[in-house]
Each structure stands twice: as structure tokens, then as C-alpha cells.
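J.: How does the following fold in three dimensions:
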Amino acid sequence: MKKFNVGIIGYGWAATAHIPAINATTLGQVTAVCSTRPLDSAELSTQYGSGIAVYNDLDEMLANPGIHAVSICSYPASHSTQTIKAAKAGKHLILEKPLCLSAKDLRREAGPRENLRLFRGALLQSVYHHQSRD
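T.: Reported below is the predicted structural model:
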């Protein structure tokens, strides 16, 4: 089965959770990170155990045909614009919550879908709570 090369957009707390989770699957591997701050490719590759290229330009990363999917882990205010760019670049999307910050942005994200197949899903995070003990 094909292993998807995933690019991470934004390198903050969410990205540090997404990278090992994606790399732990049999279907994906993180091969790129795009961040506005300077990152060291060799350091990230060593930390996560696979080759990770670093980009500072989102359009450049999205233009890479070797990246099949992106995980958007950036600031919430950027999600809408980045989602639309990634979809137009033909990438599969993993989108950290929130999807967007306004109904207007949601309509833009869901906007014209020619040549797009849209599947929505939700991930429920299970957090320990004393009332959920057996």
C-alpha cells in the first residue's frame, strides 16, 4: 500500500504531536515542515527518525509533487487561507482545529469544489477524567 508523504504547515505544539503520530502509521511519513521561523532540517530529521525538508515558503512546499498531503498545524487565523491553497495544489488535508474563525471563512473553504472530493471527519480526543474510571 502507498505511503503518503506529508508536509506539516506550522511548527508549534500541534505539529510536535502530529509528526510522531503520522510517522507511527503504516500509511504516512512526514517529509517536510513549513514554518516562518528558522528550523534545522538535520535536527528535525534526527529528532523524528526520518528525512524532513524545511521550507519557509508555503507555495514552494505545496509545489513539491512528492508531498501528497499536508497537516495544517499553524495559527487558527491562517487555517482558512492555507486550507484553500493546499486544496488548490491538489493535496490531501489534515486540519487541526478550528477549521476557521468565521462563517465567511468556512464558506470560502467549502466553496467551489470542482475536481475536489471532500470527506469530513472528526477526531475525538480522549482525556483522563476521574468520572470515567471503571
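J.: Rounded mean pLDDT for stretch 25-32, please.
T.: The average of the pLDDT scores along stretch 25-32 is 95.
J.: Now do it: everything it contacts.
T.: With contact meaning CB atoms under 8 Å, 6 or more residues apart in numbering, stretch 25-32 is reached by 1-8, 18-19, 22-23, 48, 50-55, 61, 64, 66-67, 69, 71. Every C-beta, even on glycine, is put in place using the N, C-alpha and C of the backbone.
J.: So among those, which ones count as buried?
T.: For the contacts of stretch 25-32, a neighbour count by 16 or more other CB atoms under 10 Å gives the buried set as 4-8, 18-19, 22-23, 48, 52-55, 61, 64, 67, 69, 71.
J.: which ones among those residues are found in strands?
T.: With strands taken from DSSP state E, the overlap with these comprises 4-8, 53-55, 69, 71.
J.: which of those lies closest to residue 43?
T.: Closest approach to residue 43 among those (CB to CB): residue 54, at 9.3 Å.
J.: Give me the pLDDT for the closest one.
T.: Per-residue confidence for residue 54 comes out at a pLDDT of 98.
J.: and what of residue 2?
T.: In this prediction, residue 2 carries a pLDDT score of 73.
J.: and what of residue 81?
T.: Reading off the per-residue confidence, residue 81 sits at a pLDDT of 89.
J.: And it, how far from residue 9?
T.: In this structure, residue 81 lies at 11 Å from residue 9, with CB to CB, to the nearest Å as the measure.
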